[in-house]
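# Build the 3D model from these lines:
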Amino acid sequence: MSCIVHIETTTTVCSVALSEDGQCLMEKTAWDGPSHANLLAPFVEEAVSFADSHAIPLDAVAVSSGPGSYTGLRIGTSTAKGLCYGRDLKLIAVSTLELLCVPMLLHHDELPDDALFCPMIDARRMEVYSAIYERNLKAVKPISADIIDENSYSDWLQERPVVFFGNGAAKCRQVLTHPNAIFVEGIHPLAKNMFPLAEKALAMGRTEDVAYFEPFYLKEFMTTQPKKIF
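Alright, predicted model coming up:
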């Protein structure tokens, strides 16, 4: 199998995990806001030191590739690339929206068997980054930036239950009132949930060119002119 360092920085949560043969060896998670620039490097260093101290050779680095926070994606990707260059490791990209589905598949057996999964990442105001997946993570709606209103996802909601989750879902609860809309709270993209997706990608040879890989921003970074004080 393999030993992989996993990096997740797409939301306000910053997390790093180390896995070997599908088992979590260690993890570090910070929940208290977007402090990735300060926390990520020490978290990664701790993961690498753990592997070195236990004589476990590293095989790859997996990074959550977006969509999500522009700054978070830049920090996570640059850190992953630096580790790959320094250690001559393979780079694995994991879709953030697919990653959000992992805890739903592992820990929510109470959901209807025919339910579709709609992970949502907050994109401010009433906009979210989302996709819709079958249980096998086949996308029935590709990733897009959606402005939510009462008619959003109506085609799918008319046919079967749709489960909404992620940090963009809470603000949609009052708008998406169809009886087939199910909301699950407390689902975040975390490094410790990247194992199955990253190991599958590595086993299938789906790795990235370290030099040219770019995260999936979905939307260009927008800058504003500062207001004049005087």
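# Could I get the phi/psi values of the residue minimising distance to the centre of the chain?
By CA atoms, centre = their mean, the chain has its centre lying nearest to residue 96, at 2.6 Å. Torsion angles at residue 96 (phi, psi; degrees, to the nearest 10) stand at phi -60, psi -40.
# contacting residues around it?
Applying CB atoms under 8 Å, 6 or more residues apart in numbering to residue 96 gives the contacts 8, 10, 64-68, 121, 189. C-beta: built from backbone N, CA, C; applies to glycine.
# Let me have these in a markdown table, extended by pLDDT and neighbour count.
Putting the contacts of residue 96 into a markdown table (pLDDT from 0 to 100; neighbours: other CB atoms under 10 Å) gives the following:
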| residue | pLDDT | neighbour count |
| --- | --- | --- |
| 8 | 98 | 29 |
| 10 | 96 | 30 |
| 64 | 98 | 35 |
| 65 | 97 | 25 |
| 66 | 97 | 26 |
| 67 | 97 | 25 |
| 68 | 95 | 26 |
| 121 | 97 | 26 |
| 189 | 97 | 28 |
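# Residue 91: which of these is nearest?
Using CB to CB, residue 65 is the member of the contacts of residue 96 that lies nearest residue 91, at 9.9 Å.
# Would you map the helices across this protein?
Per DSSP state H, the chain carries helices over the ranges 36-53, 70-87, 96-107, 154-157, 195-203.
# Find the residue ranges of this protein scoring beneath the pLDDT cut-off.
For the chain, applying pLDDT under 70 flags the ranges 1, 220-230.
# Let me see the domain layout of it.
3-96+189-203, 109-183 (automatic domain parsing).
# what's the most buried one of the ones you listed?
Of all those, domain 3-96+189-203 has the most neighbours on average by mean count of other CB atoms under 10 Å, namely a mean of 20.
# roughly how far out does it sit from the chain middle?
Distance of domain 3-96+189-203 from the chain centroid (CA atoms, centre = their mean, to the nearest Å) equals 11 Å.
# First-to-last residue distance for that domain?
12 Å (CA to CA, to the nearest Å).
# doesn't residue 114 make contact with residue 134?
No. Using CB atoms under 8 Å, residue 134 is not in contact with residue 114, being 9.4 Å away.
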